[in-house]
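# structure, please.
(2 chains)
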Amino acid sequence: MANVIFYILAVIALTSALMVVTRKNAVTSAVYLIVTMCAIAGLFVQLGAVFIAALQIIIYAGAIMVLFLFVIMLLNLRKDEFGFDTRVFQRLFAGLLGIVLLVQLIMVVSRLPVVAGQPVDTEMGRVAPLATKFFTQYLYPFEIISVLLLAAIIGAVVIAKKKMGK
Amino acid sequence: MMPPINWPVIYPELAICITAFIVLIVDLFLPGRHKWVLSLISIFGVLVALQIVFMNFGLKGDTKAFFGMVVSDATGLYFKTIFCIGTLLAIFVSITYQRREFPEVGEFYTLMLLSTFGMMIMASALDLITIFLGLEMMSIPLYVLAGIYRGRYRSREAALKYFLLGAFASGFLLYGIALIYGAFGTTNITRIVELIADGKPYSPFFVGVGSVLVLIGLAFKAGVVPFHMWIPDVYEGAPAPVTAFMSAGPKAAAIVAILRIFVITTPVIDLTWVFWVLAVVTMTWGNILAINQNNIKRMLAYSSIAHVGYLLVAITVGGEEGVSSAAFYLLVYTIMNIGAFAIVVLFAEREEFYENISDYAGFGSRFPFAAITMTIFMASLGGIPGTAGFVGKFMIFSGAINHGFYWLAVIGVLNSLVSIYYYLRVVVAMYMRQPQTRLVDIAISPSLMIAIIITLLLVIQIGIFPDNWLSLAKQAASLAF
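Numbering: from 1, shown residues only, chains lettered A, B, ... in the order given. Take a look at the predicted model:
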């Protein structure tokens, strides 16, 4: 049963990922990316990493995708500006980098000391162990981040506020 | 059961952070013409932090806090002192300018304090994650401060350029940290040093590439050639008081992070030759490009790159002598550089009028005190005996000779000679040229005067009686080992 679900999710993730790079319309690509993210979140759930799955949906499928869509719509591209970049060199270079990444991935994955069928440590991805880490060992960085976010908000407001300078 | 957190270690940071929040809240209730109150609160807060830093020098018992994330050692405290002095002077320099140019932006002081908070985090961080967060904490307010003068095109340009390149550099740093984590399974610097001492096997490839990436990220913030491209444009575009602020503290923060990571781990990851090359390139390139600058802010920007080159000489030397001379030089550099910028702010009273060196013509007779002060700062930046700058350079180059880096010392001294040429250009313009432009009276504000007098006295005092300051710097270095 778990296997079947895994393959279904994997197929959805891969197909929509393919759609992301092949669609001409940037908005369509963005929406397909949401599907990919959700499918990956499903994979996380299968591994028992519920919290990561939730983060995946909230942050990637939610916040970041909204940002993407905003930018695409703000840019307000004309019809003929959509679609593939026709510069050959760039495409070749991108393809080359993709192949390098693929080889790297295969090398890393093939050397992982993981035996198939081994049960996953489902405790790792839950909220409690993460929270324990955040509020003990990583308390200081955790608190700094809260101030950092505040600084970023103040900065954004200062920049966006009207009636400034001369 | 949670182990104790050991709060006193981060009291200085807390003082600055709380002051920033108080300023932010008070700002809400103040009408536009009373925003100067905020500067008083900020000054008070920084003074409190400085006092706590001095008290922390005598901290007994465990100096680590938050599970080994922070440490309150002499090195960190010494640099916190530098940051406090830098911020204090920068606030004095800013007050009048802020009231005149962007009176309603009370957040100006909040951002400055938050940036100082970030520098302090970097100075006492013992974990790569904390260093990264400190760096971001320091940089994000700086991006905004660079562009705070929204009415001016070049200020916005500076902010955007700084932000995009800074974000890119942070990426390098983070990637490097990830690789180092991959090699050791921890980001804690003390733990990494322990693991290596225990002879734990690690991948030299990951550690090597990781360290270089971390170095790139930090070198960008310090303005090391070839990662210096943003400095002239940002320094020129940002409002002059902001430039004064960011030319001092953030550089010192990046340098202290480099010291923490690299000098302490030198026995393992030996990057001496990398620092050697960087030092030579940075000194020479900065000085050569500074010669031809007509805009005084650009000239000081390139000169600041050259000064980072001298600091890299000290880092190359390493060991106790290298660290103490770098620490001493950073203090001196902070004081004299903010002093020089204070004069630039003084002369820039009438928006952009006096930003070119040629505009300084005739100032020698019209503003005798300011001109003499500027001459002393230029002499100090150039390293002429009798000033603080000379003592700083002397310590660095004698350290290099003592440790057998003869060529480095020779190149450094030659560079100092070159630098005297362009510093003297300002002096020549002030005393020996006739003014070309329309003359405008300059109203000297009391706060700016305080900053100028403090820096002037310190530059002369350190120049003539450096002993106390040197022993302080030595203390800062001795505990790092």
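# where in the chain is pLDDT low?
Because you didn't say which chain, this covers chain A. Scanning chain A for pLDDT under 70 picks out the ranges A:77-86, A:113-120, A:122, A:162-166.
# sorry, I should have been clearer: chain B.
For chain B (pLDDT under 70), the answer is B:1-3, B:264-268, B:349-354, B:436-443, B:478-481.
# nearest to chain A: which residue in it?
B:G151 (3.0 Å; Cβ to the nearest Cβ). For every residue, glycine as well, the C-beta is placed using N, CA and C.
# are we agreed that that residue is in a helix?
No: read with DSSP: H, G, I helix; E, B strand; the rest coil, B:G151 is coil and lies in no helix.
# count of neighbours near it?
11 (other Cβ atoms under 10 Å in any protein chain shown).
# quick one, phi/psi of it?
Main-chain dihedrals, B:G151, degrees, to the nearest 10: phi -70, psi -20.
# cool, B:P103 as well?
Taking degrees, to the nearest 10, you get phi -60, psi -30 for the backbone angles of B:P103.
# write out the residues of chain A neighbouring chain B.
A:136-141, A:144-145, A:147-148, A:150-152, A:154-155, A:157-159, A:163-166 (Cβ under 8 Å from any Cβ of the partner chain).
# out of these, which are buried?
A:137-141, A:144-145, A:147-148, A:150-152, A:154-155, A:158, A:164 (16 or more other Cβ atoms under 10 Å in any protein chain shown).
# next secondary structure after the helix or strand hosting A:C38?
If you go by DSSP states H and E, A:C38 is part of helix A:26-46. Sequence order places helix A:50-55 as the next helix or strand after helix A:26-46, per DSSP H and E.
# who in the stretch 151-300 of chain B is up against chain A?
B:151-152, B:159.
# let me know the closest of the residues you listed to B:L330.
Using Cβ to Cβ, B:A159 is the member of those that lies nearest B:L330, at 25.6 Å.
# name the nearest residue to the closest one, sequence neighbours excluded.
Counting by Cβ to Cβ, 6 or more residues apart in numbering or on different chains, B:A159 lies nearest to B:G147, which is 2.5 Å off, once chain neighbours are set aside.
# show me chain A divided up by domain.
A:1-83, A:87-113, A:126-166 (automatic domain parsing).
# so B:A370 touches B:I343, yeah?
Yes: at 6.0 Å, B:A370 and B:I343 qualify as touching, with contact defined as Cβ atoms under 8 Å.
# need the residues touching each of these two.
Listed as contacting both B:A370 and B:I343 by Cβ atoms under 8 Å, 6 or more residues apart in numbering or on different chains are B:I452.
# can you count the residues close to B:I288?
Count around B:I288 with other Cβ under 10 Å applied: 14.
# count of neighbours near the nearest residue to it once chain neighbours are set aside?
Nearest residue to B:I288, sequence neighbours excluded (Cβ to Cβ, 6+ apart): B:V418, at 7.3 Å. B:V418 is flanked by 17 other residues according to other Cβ under 10 Å.
# before we move on, what about the one 4 residues further on?
Other residues near B:Y422 number 24, with proximity taken as other Cβ under 10 Å.
# and it, what helix or strand is that in?
helix B:406-432.
# show me which positions of that helix end up buried.
B:408-409, B:411-412, B:415-416, B:418-420, B:422-423, B:425-427, B:429-431.
# go on, stretch A:99-112?
Buried-residue list, stretch A:99-112, by 16+ other Cβ under 10 Å: empty.
# cool, and stretch B:97-105?
Those buried within stretch B:97-105 under the rule 16+ other Cβ under 10 Å are B:97-99, B:101-105.
# of those residues, which belong to strands?
Among the buried residues of stretch B:97-105, no member falls in strands (DSSP state E).
# centroid-nearest residue for chain A?
Taking Cα atoms, centre = their mean, the centroid of chain A lies closest to A:Y60, which sits 4.8 Å from it.
# all strands for chain B, in order.
Using DSSP E, strands in chain B cover B:64-65, B:70-71.
# deepest of those, which one?
strand B:70-71 (a mean of 24; mean count of other Cβ atoms under 10 Å in any protein chain shown).
# select the longest helix from chain A.
Of all segments of type helix in chain A, defined using DSSP state H, the longest is helix A:88-111.
# tell me, how many residues neighbour B:L77?
Counted with other Cβ under 10 Å, the neighbours of B:L77 add up to 25.
# residue contacts, it?
Neighbours of B:L77 in contact, by Cβ under 8 Å, 6+ apart: B:12, B:53, B:56-57, B:124, B:476.
# just the buried residues of these.
B:12, B:53, B:56, B:124, B:476.
# list just the nearest of those to B:L300.
B:A476 (26.3 Å).
# I figured that closest one hits B:Y78, correct?
Yes: here B:A476 lies in contact with B:Y78, judged by Cβ under 8 Å, at a distance of 3.5 Å.
# any residues in contact with both of those two?
Both B:A476 and B:Y78 are in contact with B:A327, where contact means Cβ under 8 Å, 6+ apart.
# thinking again about what came up before, wait, which of the residues of the stretch 151-300 of chain B next to chain A is closest to B:L88?
B:A159 (24.3 Å).
# good, wrapping up.
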